[in-house]
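Sequence plus the predicted model coming up.
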Amino acid sequence: MLWLLVVFIIATGVLVGGAVNGKTGWGPKLALDLEGGTEMILAPRVQGDEAINQEQLDQAVEIIRQRVDGSGVTESEITTQSGRNVVVSMPGTPDQTTRDLIQASANMEFRPVLITGGFAATPKEDRTPKEDLPKPSGKPENPSDTNWITPELFQEFEGYDCEVELKDRGGEAADPDKPMISCDREMGVKYILGPQEISGDMIKDAYAQLARGVNGSVTGEWVVVIEFNAEGTKLFADTTQRLIALQGSQNQFAIVLDGETISAPTTNAVISDGRPQISGGFTQESSQALAEQLKYGALPISFDIQSERQVSATLGADQLTAGLIAGIIGLVLVFIYSLFQYRALGLVTIASLLVSGVLTYLALVLLGWGMNYRLSLAGVAGLIVAIGLIADSFIVYFERVRDELREGRPLASAVDIGWKRAKRTILASKAVNVLAAIVLYIVAVGNVRGFAFTLGLTAIIDLIVVYGLTHPTLVLLARTKFFANGHPMSGMDPSLLGVKPLYQGAGKVRRFDENVAANRGKKNAKASAEAAKRMTIAERRRAQTEQSAGSNASGSTQAKAQEENNE
Amino acid sequence: MNKLVTWGNELYTGKRSYPFTSKHRLWFLIAGILVILSILIPVVKGGFNLGIDFRGGSEFTVSDVQNTDISIGEETVSSVASGSEATVTNIAPGTMRVQTERLSDDQTLAIADQLAKNYGVSSDEVTSNFIGPTWGEDVSRQALFGLVVFVVLVGLLMAAYFRTWKMSLAAIVGLMAVVIVTGGIYSLTGFEITPSAIIGFLTILSYSLYDTVVVFDKVRENTKDYTQQTKRTFEQLVNLAVNQTLVRSINTSVVAVLPVAAILFIGSYLLGAGTLKDLSLALFVGIIVSALSTLFVQAPMFHWLRHKDEDVVAHDKKMAAL
């Protein structure tokens, strides 16, 4: 009992210390379904349908984390799930930019622009007649060669409606060796692009900064700087070498992310140091967004949204309230039933449940602080279900004590023996509970975890309370007159349990027969004998007659008492 | 209380006894029929009522609605995504649920906005949920995996604790019956199967075995070294154990069901469909089935598995000779 108090005081002390210093709140941390917020479950998709490995998944998490943090969302949580999915949880509702950034798949490449066209499809009557369609004059010599444009490609280009295509875009990567049509949302145009010049994984870094003038002073204009690796540097130098000599659209190169052009800057110089600067009309936000996309765009993994959940704060609060109300009702019902079944002993159940409740609360707050555990609605349900499981430990224990009382033992020794038996049963059954909780926690997806966690936690707290509070309390109570004499309201009234009371009123107390106790003690060495001893009335009678020849049977007091009661 | 306690006393001494083991054929027959029915019902009915998590789709919940007109929701959906069907239900006072087929991300957002506007609530009151078609499968696959791992581990644990694999086997056979019958009840009543209900099923596994362990522990105690006594046969000892723990079994089930019933009531009445209701419903059904199964399937099954064993047969003969 003492150690329980010590645990309790330490936990409370830590909590109070943490809360006063503002390191933790007074309450447990709440999960998204109770607090409101957005949860997205993303399934990474690797090119060529290969299974994703753990390393790639970790990389994906890191990239998404940086994307989300980079977008200014605080308190987001990114975790993996069953080795396949990435779960993103964040408070509130993310704006379009954040959503796009999270989902943005990462097939990035650089391609030269061949021609530019309007965002929408050209009206049918205005389209180029068949005879005027551009015809390649020979094999294309480099990626910028307009010979890439076949009549079919041109026709498709004219009929290409970006409004429609952007929505239905499957996210399939275009063939890097062939030209493609790509839309540019920002500029409201579409392009025919030549084959890939540089792939995104050659980007080493990208960042936004304020441009510097010739004399090194800050000009106030935002630019995006890309840093290529050695291979990228060389390829980019070749590309700019070629583009600088070309006019119009052909002077531009497009940065393509998953088929969509995110930027198509013109080439102003040959960049041989591998550090091109993109400038022109950027704000701080837009330049940073582009830099982020460039930086993390190199990963060849894209994400499918498997499930997305937005819980309004109102619904979250409603669910929490409902859970708490259900918990209180459940607790009160169990209290009433315990009192009905066990009378004063029911108070021990109630006290134990209350202490378990307080300990659970402390554990949840501290785990929220230390391990960032968040209580979800399923977790709350787990706690409520646990009320019944915790109360059952007391039932198992009390029923065992009653069994021993039925054997005619005085309460103190009944508690002692009953505890020894009940302890085994409680440990074995709680082991099943904890095992189930651990298995569920390890294999579980999503909110099953929260549920498993609280089930396991309460099973352990239950053990702590049964050992540290319920049993010691019962031992103490067994010494009080009220219980030891089997007051009718104690719930341990031997006469009710089919035993003649030791206390017979008017100050007469029948003494518990020490010989019987001794005999029993010996017999109890083996649990088997225990069962054998539980005789039917007829058996007892027969045993008695057989025995009566011997001593005048001080040991038969018990059997007689039993008989009287049964008649 | 007096009656219940007296009843408990009589069960304890063996004066009153219910034939859990001796009538095992009857119980097994009933259990068998229930299991077969539970397998047939989903086949005949064409499966289960799977929740949106298994079908894939978009779901919106609008809270604090004054005007709970279903057509508002339907019109909102058709105005944004023409041609897609919407199922609108008033799941709880002031709460509307709109379910549609799978919409694109943009459509989902647009509908959430429109629903808030058309139902006259702020956009904070709208909860949206977009579920890909493989999500539910993921959950069930993991659940199934969890079930197998758990059953194997718990089988080993029980075999080690009770020092006989027959108790493990009996417990697990009973457990399967519980899971199948609970599934059958779900199919019969058309309760929706959601990931929360799956959590409920998994918890039933734990609860069912927990319940069985307590009874089996008494059986173990009663039958340990039973060959050294000649008062009762092995079967009678097993039956006595079940009877002796009957009061506890009843108390346990009541105490376990009370909080679950509270969640079920609050979950259905205050919140309508959702985590709490789905989970507690599965538990409510499962706890009752588990408690019955421990008494009528698991315990008699253990006796039945043992009754041909040499030691039991020898002891029975010895008893008959007395």
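Here it is on my side, so go on.

Could you use CA atoms for every contact and neighbour count after this?
Noted.

residue ranges for the strands of chain B, please.
B:49-50, B:57-62, B:86-92, B:95-100, B:126-131, B:192-193 (DSSP state E).

Which strands and helices lie in contact with the fifth one?
For strand B:126-131, the contact count by 3 or more CA pairs under 8 Å, 6 or more residues apart in numbering or on different chains; DSSP states H and E identifies strand A:301-311, strand B:57-62, helix B:105-118 as packing neighbours.

Could you tell me the per-residue confidence at the nearest residue in space to A:P123 that is not next to it in sequence?
Nearest non-adjacent residue to A:P123, counting by CA to CA, 6 or more residues apart in numbering or on different chains: A:G159, 8.0 Å away. A:G159 carries a pLDDT score of 85 in this model.

again, but for B:S38
90.

can you pull the contacts of it?
Contacts for B:S38 were tallied using CA atoms under 8 Å, 6 or more residues apart in numbering or on different chains; they are B:I180, B:V181, B:T182, B:G183, B:G184, B:I185, B:S187.

same deal with A:I78?
Counting by CA under 8 Å, 6+ apart, A:I78 touches A:V61, A:I64, A:R65, A:V86, A:V87, A:V88, A:S89.

Quick check: phi and psi at it.
Backbone geometry at A:I78, expressed as degrees, to the nearest 10, gives phi -120, psi 120.

who does it bridge with?
Assessed by DSSP bridges, A:I78 has beta-bridge partners A:V88.

What separation is there between it and chain B?
18 Å (CA to the nearest CA, to the nearest Å).

before we move on, back to that, kindly compare burial across the strands of chain B and name the winner.
Mean neighbour count, computed with mean count of other CA atoms under 10 Å in any protein chain shown, is highest for strand B:126-131 among the strands of chain B, reaching a mean of 26.

partners of that strand in the sheet?
strand A:301-311 (antiparallel), strand B:57-62 (antiparallel).

Flag whichever of those strands has the least confidence on average.
strand A:301-311 - the lowest mean pLDDT of those, at a mean of 74.

Next, the angle from that strand to helix B:105-118.
Angle between the axes of strand A:301-311 and helix B:105-118 is 10 degrees (criterion: axes from the mean of the first three to the mean of the last three CA atoms, to 10 degrees).

in the helix or strand that strand A:301-311 is followed by, what's buried?
Going down the chain from strand A:301-311, the next helix or strand is helix A:313-342, by DSSP states H and E. Residues of helix A:313-342 classed as buried by neighbour count (16 or more other CA atoms under 10 Å in any protein chain shown): A:313-316, A:318-320, A:322-331, A:333-335, A:337-339, A:341-342.

Show me the contact partners of stretch B:242-255.
Contacts for stretch B:242-255 (CA under 8 Å, 6+ apart): A:334, A:337, A:388-389, A:391-392, A:395-396, A:399, B:8, B:11-14, B:17-18, B:20, B:211, B:215, B:218-219, B:287-288, B:291, B:295, B:299.

Now do whatever helix or strand A:E292 lives in: distance to the chain's middle.
Per DSSP H and E, A:E292 falls inside helix A:284-296. For helix A:284-296, the gap between its own C-alpha mean and the chain's C-alpha mean amounts to 30 Å (CA atoms, centre = their mean, to the nearest Å).

for chain B, what are the low-confidence residue spans?
Residue ranges of chain B with pLDDT under 70: B:1-2, B:133-136, B:271-273.

what's the domain layout of it?
For chain B, automatic domain parsing gives the domain ranges B:20-50+B:135-321, B:57-131.

Next, the distance between the ends of the shortest one.
The first residue of domain B:57-131 is 5 Å away from its last residue (CA to CA, to the nearest Å).

what do you get for the longest one?
Looking at domain B:20-50+B:135-321, the gap from its leading to its trailing residue is 25 Å under the measure CA to CA.

Got phi/psi on A:S263?
phi -160, psi 140.

coming back round to it: going by distance to B:S128, which of the contacts of B:S38 wins?
B:S187 (27.4 Å; CA to CA).

ok, now which ones touch the closest one?
Residues near B:S187 by CA under 8 Å, 6+ apart: B:S38, B:I41, B:P42, B:K45, B:G47, B:F48, B:N49.

Ranking by neighbours, what's the top pick from those?
Within those, B:S38 tops the neighbour count with 22 neighbours, counted by other CA atoms under 10 Å in any protein chain shown.

Am I right that B:L50 is in contact with B:I193?
Yes: if you go by CA atoms under 8 Å, B:L50 and B:I193 touch, sitting 4.8 Å apart.

what about the strands in the stretch 151-300 of chain A?
Secondary structure of the stretch 151-300 of chain A (DSSP state E, counting those that start in this stretch): strands located at A:180-184, A:189-193, A:198-199, A:203-212, A:218-228, A:253-257, A:260-263, A:277-282.

Sheet-wise, list the partners of the last one with their directions.
Taking DSSP bridges as the criterion, strand A:277-282 sits next to strand A:218-228 (antiparallel) in its sheet.
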